[in-house]
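In: need the 3D shape of this:
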Amino acid sequence: MSTHVSPSPGGGGVSFRQRLGLYFRLTRLDKPIGTLLLAWPTLWALWIAGAGRPDWKVVLIFMAGTLLMRSAGCAMNDYADRDFDPHVARTKHRPLATRAISTKEALAIAGGLSLVAFLLIMPLNGLTIALSFPALALAASYPFFKRFFAIPQAYLGIAFGFGIPMAFAALTETVPPIAWVLLLANVFWTIGYDTEYAMVDRADDVRIGIRTSALLFGRFDVAAVAICHGAFLLILAGCGLYIGLGPAWYAGLAVAGVMLARQVRGIRSRDPAACFRAFLHNNRVGGTVFAGLAADALIFGSDAWNSV
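Out: Presented below is the predicted three-dimensional model:
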């Protein structure tokens, strides 16, 4: 494959400030949507595991870790896709695609950010630390699954949701069944919103041979997104019944359901711009679910919640 290569990849001719800007773009700090989609399920888990009153030090550790690991994952993703991104309209100007930075720099950044994230959780219990190793393995290996796995979005859902069992471990020193059910809900949600994202690049992905759920589902892509969103909401509703959550939780799910229905209606044209807007809108969905959960604990009290 031919790629555009800068005259001095990862080297001279670039000021320190410009290089920081390249690193900023590599880690997607200019595009926080991925961090938010990673953060919301972690916050759901922290509030449930903490019975509506989680330890704020643990919350801050997890939110900082979310930002660091998402940034590390982006660097690793661009390293894996460095020979594919130049051939995709949406990604051809990424720093590694243009060879504005070197592969060694990208790997060093990914490794450094992961190390800082690991150091952040060191004050937590042994189970949380132990779970951080499969979490890291998932984040590092996901970019390569697009080579051979027909639905990498499912794998991404596990990687993006692994903060859920870690949150329960940090606050309860165990990982109860409800944590894995919440993780399953996140897998369905991720398949739904990342299929919308994959629909943006469908033509490029066919040409270069990347596997995505949008290609797997084919002409049933919109129906598949609707089914995944529906499964996500039903599982969360079931979790609410199990925990004993009150009306604010279900109000939040109802509002989220309306949002997701509008997404499905908006992507029926399969217009790339509309699909990308639908994908971005999932930040509001995640926030709405969390708002319902937090309001339930604040307004109606979490003392009636069943122990998890």
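In: walking through this protein, point out its helices one by one.
Out: Along the chain, counting by DSSP state H, helices occupy 16-26, 33-49, 56-80, 103-121, 126-145, 152-161, 163-172, 177-200, 202-208, 213-217, 221-243, 247-266, 272-295.
In: now the ones you listed as JSON lines including mean pLDDT, mean neighbour count and distance to Lys92?
Out: Heads up, the C-betas are built off the backbone N, CA and C, glycines and all. JSON lines is the format used below for the helices of the chain (pLDDT from 0 to 100; neighbours: other CB atoms under 10 Å; distance: least, CB to CB, whole Å):
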{"stretch": "helix 16-26", "mean pLDDT": "90", "mean neighbour count": "14", "distance to Lys92": "13"}
{"stretch": "helix 33-49", "mean pLDDT": "96", "mean neighbour count": "23", "distance to Lys92": "19"}
{"stretch": "helix 56-80", "mean pLDDT": "94", "mean neighbour count": "21", "distance to Lys92": "12"}
{"stretch": "helix 103-121", "mean pLDDT": "95", "mean neighbour count": "17", "distance to Lys92": "16"}
{"stretch": "helix 126-145", "mean pLDDT": "92", "mean neighbour count": "17", "distance to Lys92": "17"}
{"stretch": "helix 152-161", "mean pLDDT": "92", "mean neighbour count": "24", "distance to Lys92": "21"}
{"stretch": "helix 163-172", "mean pLDDT": "97", "mean neighbour count": "25", "distance to Lys92": "31"}
{"stretch": "helix 177-200", "mean pLDDT": "96", "mean neighbour count": "23", "distance to Lys92": "14"}
{"stretch": "helix 202-208", "mean pLDDT": "76", "mean neighbour count": "15", "distance to Lys92": "10"}
{"stretch": "helix 213-217", "mean pLDDT": "86", "mean neighbour count": "21", "distance to Lys92": "19"}
{"stretch": "helix 221-243", "mean pLDDT": "97", "mean neighbour count": "19", "distance to Lys92": "24"}
{"stretch": "helix 247-266", "mean pLDDT": "97", "mean neighbour count": "18", "distance to Lys92": "26"}
{"stretch": "helix 272-295", "mean pLDDT": "96", "mean neighbour count": "20", "distance to Lys92": "15"}
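In: export the ones you listed to JSON lines and tack on distance to Ser302?
Out: Conversion of the helices of the chain to JSON lines gives the following (distance: least, CB to CB, whole Å):
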{"stretch": "helix 16-26", "distance to Ser302": "39"}
{"stretch": "helix 33-49", "distance to Ser302": "9"}
{"stretch": "helix 56-80", "distance to Ser302": "15"}
{"stretch": "helix 103-121", "distance to Ser302": "25"}
{"stretch": "helix 126-145", "distance to Ser302": "22"}
{"stretch": "helix 152-161", "distance to Ser302": "22"}
{"stretch": "helix 163-172", "distance to Ser302": "13"}
{"stretch": "helix 177-200", "distance to Ser302": "15"}
{"stretch": "helix 202-208", "distance to Ser302": "44"}
{"stretch": "helix 213-217", "distance to Ser302": "36"}
{"stretch": "helix 221-243", "distance to Ser302": "9"}
{"stretch": "helix 247-266", "distance to Ser302": "11"}
{"stretch": "helix 272-295", "distance to Ser302": "10"}
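In: so what's Val116 up against?
Out: Neighbour list for Val116: Leu68 [criterion: CB atoms under 8 Å, 6 or more residues apart in numbering].
In: just the one 4 residues further on next, same as before
Out: Shown here is Leu120, whose contacts under the criterion CB under 8 Å, 6+ apart are 61, 64-65, 68.
In: likewise for Arg19?
Out: Ile101.
In: any idea how far it is from Ile101?
Out: 8 Å (CB to CB, to the nearest Å).
In: same question for Phe84.
Out: Distance from Phe84 to Ile101, by CB to CB: 17 Å.
In: how about Arg202?
Out: Taking CB to CB, one finds Arg202 at 28 Å from Ile101.
In: do the same with Thr212
Out: 26 Å.
In: same question, Trp47
Out: Distance from Trp47 to Ile101, by CB to CB: 38 Å.
In: name the nearest residue to Asp204, ignoring sequence neighbours.
Out: Val88 (4.3 Å; CB to CB, 6 or more residues apart in numbering).
In: could you report the neighbour count for that neighbour?
Out: 19 (other CB atoms under 10 Å).
In: how close does it sit to Ala304?
Out: In terms of CB to CB, Val88 sits 50 Å off from Ala304.
In: on that earlier part again, and the helices of the chain: which comes nearest Ala97?
Out: When these are compared by CB to CB, helix 56-80 sits nearest Ala97, at 7.4 Å.
In: re the thing from before, Pro95 is nearest to which of the helices of the chain?
Out: Short answer: helix 16-26, nearest of the helices of the chain by CB to CB, at 4.5 Å.
In: restrict the closest one to CA atoms and write it as PDB.
Out: Extracted in PDB, the C-alpha atoms of helix 16-26 (Å, rounded to 0.1, in the frame of the first residue of the first chain):
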ATOM      1  CA  PHE A  16       8.000  21.000  20.700                       C
ATOM      2  CA  ARG A  17       4.600  22.600  20.700                       C
ATOM      3  CA  GLN A  18       3.700  21.100  17.300                       C
ATOM      4  CA  ARG A  19       4.800  17.700  18.500                       C
ATOM      5  CA  LEU A  20       2.600  18.000  21.600                       C
ATOM      6  CA  GLY A  21      -0.300  18.800  19.200                       C
ATOM      7  CA  LEU A  22       0.400  15.600  17.300                       C
ATOM      8  CA  TYR A  23       0.400  13.600  20.500                       C
ATOM      9  CA  PHE A  24      -2.900  15.400  21.500                       C
ATOM     10  CA  ARG A  25      -4.400  14.200  18.200                       C
ATOM     11  CA  LEU A  26      -3.000  10.700  18.500                       C
END
